[in-house]
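Student: The sequence and its predicted three-dimensional model are supplied below.
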Amino acid sequence: MTYYGGKELAQAFLTVRNNTIQIAKDIPEEQYDFKASPDTRAVRDILVHIALALTFTNEVHRKPISDMTKVDWQEVMQRVSAEQAKPRTKAEIVSLLEQDTVDFAGFLEGLDEAFLGEMLAMFPGSTPPSKSRFEMLLAVKEHEMHHRAQLMLIERMLGIVPHLTRQREKQMAQMQAAEAQQAEAKTH
């Protein structure tokens, strides 16, 4: 018995994706071409990259395949590159992020321990030579969190306080107010 299966993968993915969507909404559209440095992706490119990353996951786990060398990665890369190159507004990017979120979470939630435990042969020379589906599906969340961290730093560079920081500050203020009320009640 494991303590982290399909249901937990789905919930974790939804949490991460919803936070990414909130960041996409918080950054003004006129800042979507902002780059932290000349050799990095713009905000819009990071967000589209995150949204399209599910393409790779779906190629491997929804068909499903058990050998990574059996996927025509050249064709997949061309398809993703063409999709990523399309010009999009902020609303279209937010929609792209929202589009497959519930469907993908539903897919994850329905996965059983046997499926998650399957080992997939990786490309020749890969270390390790094989990975479990669980490890690969967990990497979807980790990949998005990596890029979300970039976006949160960009928010700071743009003068935006990230929503998670705003939420934490609000909770702290509420806790302090409650403690002050309790202290006041004890003195009366």
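Tutor: Structure received. Numbers count the residues shown, from 1 in each chain.

Student: what residue ranges in this structure are flagged as low confidence?
Tutor: Scanning the chain for pLDDT under 70 picks out the ranges 1-2.

Student: In it, what residue spans correspond to strands?
Tutor: In the chain, the strands defined using DSSP state E lie at 119-121, 130-132.

Student: As CSV, these with mean neighbour count would be great.
Tutor: All C-beta atoms are positioned from the backbone trio N, CA, C, and that covers glycine. Conversion of those to CSV gives the following (neighbours: other C-beta atoms under 10 Å):
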stretch, mean neighbour count
strand 119-121, 16
strand 130-132, 15
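
Student: Gln167 is nearest to which of those strands?
Tutor: Minimum separation from Gln167 across those (C-beta to C-beta) falls at strand 130-132, 33.6 Å.

Student: chain center to the closest one, what's the gap?
Tutor: Averaging C-alpha positions (C-alpha atoms, centre = their mean, to the nearest Å) puts strand 130-132 21 Å from its chain's average.

Student: in its sheet, what does it sit against?
Tutor: strand 119-121 (antiparallel) (DSSP bridges).

Student: what's in contact with the partner strand?
Tutor: Residues external to strand 119-121 that are found in contact with it (C-beta atoms under 8 Å, 6 or more residues apart in numbering): 60, 65-69, 129-133, 136.

Student: Against Thr15, how distant is the closest residue to Ile46 other than its chain neighbours?
Tutor: Across the structure, with C-beta to C-beta, 6 or more residues apart in numbering as the measure, the residue nearest Ile46 apart from its sequence neighbours is His147 (5.3 Å). Using C-beta to C-beta, to the nearest Å, His147 is found at 15 Å from Thr15.

Student: Have a look at those two and say which one is more surrounded.
Tutor: Counted by other C-beta atoms under 10 Å, His147 and Thr15 do not tie: His147 has more neighbours, with 17 against 12.
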